[in-house]
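# Let me see the structure of the following:
(chains A and B)
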Amino acid sequence: MSGVRVLVGTRKGAFVITADGTRANWDIAGPFFGGWELYHLKGSPVAPNRIYASQGSGWFGQLIQRSDDGGRTWTVMGNAFAYDGIPGTHQWYDGTPHPWEFKRVWHLEPSLTDPDTVYAGVEDAALFRSTDGGQSWHELSGLRGHGSGAQWAPGAGGLCVHTVILDPADAQRMFVAISAAGAFRSDDAGVTWKAINQGLRSNHIPDPAAEVGHCVHHVAQHRARPQVLFMQKHWDVMRSDDAGDTWTEISGNLPSDFGFPIDIHAHEPDTIYVVPIKSDSEHYPPDGKLRVYRSRSGGHEWEALTNGLPQRDCYVNVLRDAMAVDSLDACGIYFGTTGGQVYASADAGDSWQAIAHDLPPVLSVEVQTLTD
Amino acid sequence: MTIRVVLPAHLRTLAQAGGEVLVDVSPPATVRAVLDALESQYPVLRGTIRDHGTLVRRPFVRFFACESDLSLESPDIALPDAVVAGDEPFYVIGAIAGG
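Residues are numbered from 1 along each chain as shown, chains lettered A, B, ... in the order given. Next up, the predicted model:
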């Protein structure tokens, strides 16, 4: 019997929500690490009961937790994130140089092949790797050492590596996205990096088509077609067919092309999902209606998915790492809101149910599809 | 000598310690010596009270003893006699801020 495990990070703890393959009845476990911010939890694709979690607080800093039993019990791992060498400076909000300072781990990306290897995207923007199950961390400093690093500036949420993608077809290839620097690709397992922002246009920066400076919110890749990337930028939904070398806009008929998450149907590489948000100054859905938009054509043409979602007086946000899909048939889609709801669709978005109603604000959602 | 340390609730949970924590410190008893002993006894606390590398106090963590705020003092300042004698604890406090 298959099942689904939804890993939910919130402002005040982590929750593990499970169901069998019917996805009809859900059980909520937690809060784990109550009172702490859980920016992200993610399980190893090769050892699903191994889950890494980023736990932190403004008072006591960053912790990394690891579970080896599917989230029932947890062990504190290493939390020493030291930049390689002399960190130098990036740009501050006012354009002045500002020292690189570690603040938190935004995203944990377990290796596709080794349960003990995991990557951490952090603020201030850098990529770290552990090869001992999270006990020790070492910076892949070629990213921060990219020639443009001194020009990177934080977005409203900070200068953070929030997206880490490990290419399933090429062990040497990785992607990251940074707010507000842009997207980067490595073709040598993280040693050197190339900015991949050609075609992005951001009207709020001095040179709208600059090599770096774009506030990329999230990037998604389908494992069956890894050269195609989809991006939710600050404004604009974008697509690349050449592994990020060039991008074209696919916002089409969206009611707003501002938003945070973007994800792809597990079995249909051209079926993508976004959650339009009204604007960068009004972080809630247009018209008070929470609508997921689905394109079955790889962009441009979008349909609103509303069945089961609140269609009046709804003013929540959906953050960049708070949407995920399972790989059951039919594909399940999940997302969490800043209002503490977690919504699930067991029919690729046609209908939705709230599987959690009143959690703390949701920061991240990941889904594991489990088989006996 | 043994120093009594009161941790904030989140750090007590993290350290799996109930109530006060007792740490053994070699003279002279200073803030630095207490924190070194605390982190040695409870390695999970490393990085939560002070920075891993610089050992600088985290901004929203404060140190108190005998109703005195020691947060801005040198970490090498001697602790009050009452703390050294075990009559008073050394407090690690999370600042009242945020939500």
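# can we go C-alpha only for contacts and neighbour counts from here?
Noted.
# what's the single longest helix in chain B?
helix B:31-41 (DSSP state H).
# Quick check: mean pLDDT of the strand or helix carrying residue A:217?
In this assignment (DSSP states H and E), residue A:217 forms part of strand A:216-221. Mean pLDDT, strand A:216-221: 98.
# Now the element after that strand, going C-ward?
Counting by DSSP H and E, what follows strand A:216-221 is strand A:229-233.
# Contacts for the next helix or strand after that next one, please.
Scanning forward in sequence from strand A:229-233 by DSSP H and E, the next helix or strand is strand A:237-240. Residues outside strand A:237-240 that contact it (CA atoms under 8 Å, 6 or more residues apart in numbering or on different chains) are A:200, A:227-232, A:246-251, A:257-258, A:299.
# ranges for the helices of chain B?
With DSSP H, the ranges of helices along chain B come out as B:9-15, B:31-41, B:81-84.
# just so I know, which of the ones you listed lies nearest chain A?
Proximity to chain A (CA to the nearest CA) singles out helix B:9-15 among these, at 8.0 Å.
# roughly how far out does the closest one sit from the chain middle?
With CA atoms, centre = their mean, to the nearest Å as the basis, helix B:9-15 stands 13 Å off its chain's centre.
# hmm, who's touching it?
A:35, B:18-19, B:42, B:44-45.
# try stretch A:12-19
With CA under 8 Å, 6+ apart, stretch A:12-19 has contacts from A:3-9, A:25-38, A:71, A:360-361.
# Make a ChimeraX selection of the buried ones in those residues.
Of the contacts of stretch A:12-19, the buried ones go into a single ChimeraX selection, burial set by 16 or more other CA atoms under 10 Å in any protein chain shown:
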select /A:3,4,5,6,7,8,9,26,31,32,33,34,35,36,37,38,71,360,361
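# Please go through the contacts of stretch A:12-19 and note which also touch chain B.
residue A:35 (CA under 8 Å from any CA of the partner chain).
# Just the contacts of stretch A:12-19: which are in strands?
If you go by DSSP state E, the contacts of stretch A:12-19 have A:3-9, A:27-32, A:37-38 in strands.
# which regions of the stretch 1-150 of chain A sit below the pLDDT cut-off?
Regions of the stretch 1-150 of chain A meeting the criterion pLDDT under 70 cover residues A:1.
# Report whether the longest helix of chain B contacts chain A.
No - judged by CA under 8 Å from any CA, helix B:31-41 stays clear of chain A, getting no closer than 13.3 Å.
# list the contacts for the residue nearest to residue A:221 when sequence neighbours are not counted?
The shortest distance from residue A:221 to any non-neighbouring residue, by CA to CA, 6 or more residues apart in numbering or on different chains, is to residue A:229 (5.0 Å). Taking CA under 8 Å, 6+ apart as the contact definition, residue A:229 lies against A:219-222, A:239-241, A:243-244.
# mind redoing it with 6 Å?
A:220-221, A:239-240 (CA atoms under 6 Å, 6 or more residues apart in numbering or on different chains).
# re earlier: show the buried residues in the contacts of strand A:237-240.
By 16+ other CA under 10 Å, the contacts of strand A:237-240 give A:200, A:227-232, A:247-251, A:257-258, A:299 as buried.
# which of the residues you listed sit farthest apart?
Using CA to CA, the buried ones among the contacts of strand A:237-240 span at most 24.0 Å, a distance reached by A:227 and A:258.
# any idea which residue sits dead centre in the chain?
With no chain named, the answer covers chain A. residue A:321 (3.2 Å; CA atoms, centre = their mean).
# list the buried ones in stretch A:214-227?
A:214-223, A:226-227.
# likewise stretch A:358-372?
Quick answer for stretch A:358-372 (16+ other CA under 10 Å): A:359-370.
# Quick check, the residue in the stretch 151-300 of chain A closest to chain B?
residue A:157 (16.4 Å).
# Can you tell me how far that residue is from residue A:111?
26 Å (CA to CA, to the nearest Å).
# repeat for residue A:137
Residue A:137 is 14 Å from residue A:111, by CA to CA.
# go on, residue A:15?
Distance from residue A:15 to residue A:111, by CA to CA: 23 Å.
# which non-adjacent residue is nearest residue A:272?
That would be residue A:264: by CA to CA, 6+ apart, it lies 4.4 Å from residue A:272.
# Name the residues of chain A found near chain B, please.
Taking CA under 6 Å from any CA of the partner chain as the criterion, chain A approaches chain B at residues A:59-61.
# Neighbours of the residue in chain B that chain A sits nearest to, how many?
Across chain B, the shortest distance to chain A (CA to the nearest CA) belongs to residue B:48, at 4.3 Å. For residue B:48, the count of nearby residues is 23 (other CA atoms under 10 Å in any protein chain shown).
# Then residue A:150 would be within a strand, right?
No - going by DSSP: H, G, I helix; E, B strand; the rest coil, the assignment for residue A:150 is helix, not a strand.
# now it, nearest residue through space, not along the chain?
residue A:90 (4.2 Å).
# strands paired with the helix or strand containing that neighbour, and their directions?
In the assignment (DSSP H and E), residue A:90 maps to strand A:89-91. Its sheet considered, strand A:89-91 pairs with strand A:97-99 (antiparallel) by DSSP bridges.
# quick one: contacts of the strand holding residue A:90?
A:97-100, A:150-153.
# Tell me which residues touch the nearest residue to residue A:165 once chain neighbours are set aside, please.
In space, not counting the residues next to it along the chain, residue A:165 is nearest to residue A:175; the distance is 5.0 Å by CA to CA, 6+ apart. Residue A:175 makes contact with A:164-165, A:184-185, according to CA under 6 Å, 6+ apart.
# May I see the PyMOL selection of the buried members of those?
Buried residues among these (16+ other CA under 10 Å), as a PyMOL selection:
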select buried, chain A and resi 164+165+184+185
